[in-house]
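Participant: Please find the sequence and the predicted model below.
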Amino acid sequence: MNKCDQCIVRQLSSLKALNKDEVIQLANSKTTYKIKKGEAIFEEGEVTNGVFCIKDGVGKLSKLSANGKDQIVKLVQSGELLGQRSMISNEPANLSAKAVADMEVCFIPKAEILHFFNNNNQFSMNLMQSVCEDLKESENDKIALVQKTVKQRLAETLLHLYDAFGENTDQTLKVQLTREELAGIIGTATESCIRLLSDFNKLELIELVGKKIKLKNIKALKKLSE
């Protein structure tokens, strides 16, 4: 059994529809990269010519705003594919992808993906469903940005970081974003985000341990996020 067949990306993404021969073909065509924290997997406007599988680590998808700030759209982790939509639409990447923590990613050329797409109906269906899910998530984020307060969005984001990525042995969030990155996710100024974190700390919803964050009252944070 080859490594691609055992890989978490193969198990959790649209690649699970590939048969044994296709997995061997995939393994022979992929290229593996080590991406250090802060380095780019691809940049906004770049033609990727394929998709990237996240084998390990955490990354962020972001877009540069008109005022030059990096707006984080989504955090991604092992088991996810990047670059599907731009590959299918034959357009340059609409977002940048960078490592929040050290990552290991595999690149699969566009020709291989299109071969699977044209010859494996289940794979093509899975891929389209994945793209649709990403669009739905993007729509939900836009709705939340309009309908929820900044305080609600911060509570929701902290809970997401806890649920999706877990915590360290000292109970601090495993994925530690800078205050600027956190502000970008919830759609506010960095100074406002810092003030809100301080307020949450005073209310004992969280505990600020240097630059790290520990969630102290998850029940109250959930109530606040609703």
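Facilitator: Nice, thanks for sending it over.
Participant: And the longest helix that the chain contains, what does it pack against?
Facilitator: For the chain, the helix reaching the highest residue count under DSSP state H is reported as helix 121-147. In this structure, helix 121-147 makes packing contacts with strand 70-77, helix 84-89, helix 110-119, helix 150-165, judged by 3 or more Cβ pairs under 8 Å, 6 or more residues apart in numbering; DSSP states H and E. Where C-beta positions appear, they are placed from N, C-alpha and C, glycine not excepted.
Participant: so where is this protein shaky, pLDDT-wise?
Facilitator: Applying pLDDT under 70 to the chain flags residues 1-12, 144-146.
Participant: on that earlier part again, just put the helices and strands packed on helix 121-147 in a markdown table and tack on distance to residue 185.
Facilitator: Written out in a markdown table, the entries for these read as follows (distance: least, Cβ to Cβ, whole Å):
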| stretch | distance to residue 185 |
| --- | --- |
| strand 70-77 | 5 |
| helix 84-89 | 20 |
| helix 110-119 | 29 |
| helix 150-165 | 5 |
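Participant: Could you export stretch 126-146 as PDB, CA atoms only?
Facilitator: Listed next in PDB are the C-alpha coordinates belonging to stretch 126-146 (Å, rounded to 0.1, in the frame of the first residue of the first chain):
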ATOM      1  CA  ASN A 126     -17.000  14.900  -4.700                       C
ATOM      2  CA  LEU A 127     -14.900  17.700  -6.100                       C
ATOM      3  CA  MET A 128     -17.900  19.800  -7.100                       C
ATOM      4  CA  GLN A 129     -19.600  19.200  -3.700                       C
ATOM      5  CA  SER A 130     -16.400  20.400  -2.000                       C
ATOM      6  CA  VAL A 131     -16.300  23.600  -4.000                       C
ATOM      7  CA  CYS A 132     -20.000  24.200  -3.200                       C
ATOM      8  CA  GLU A 133     -19.400  23.700   0.500                       C
ATOM      9  CA  ASP A 134     -16.600  26.300   0.300                       C
ATOM     10  CA  LEU A 135     -19.000  28.700  -1.400                       C
ATOM     11  CA  LYS A 136     -21.700  28.100   1.300                       C
ATOM     12  CA  GLU A 137     -19.100  28.600   4.100                       C
ATOM     13  CA  SER A 138     -18.100  31.900   2.400                       C
ATOM     14  CA  GLU A 139     -21.800  33.000   2.200                       C
ATOM     15  CA  ASN A 140     -22.300  32.100   5.900                       C
ATOM     16  CA  ASP A 141     -19.200  34.200   6.900                       C
ATOM     17  CA  LYS A 142     -20.600  37.200   5.000                       C
ATOM     18  CA  ILE A 143     -23.900  36.900   6.700                       C
ATOM     19  CA  ALA A 144     -22.200  36.600  10.100                       C
ATOM     20  CA  LEU A 145     -20.200  39.700   9.400                       C
ATOM     21  CA  VAL A 146     -23.400  41.700   8.800                       C
END
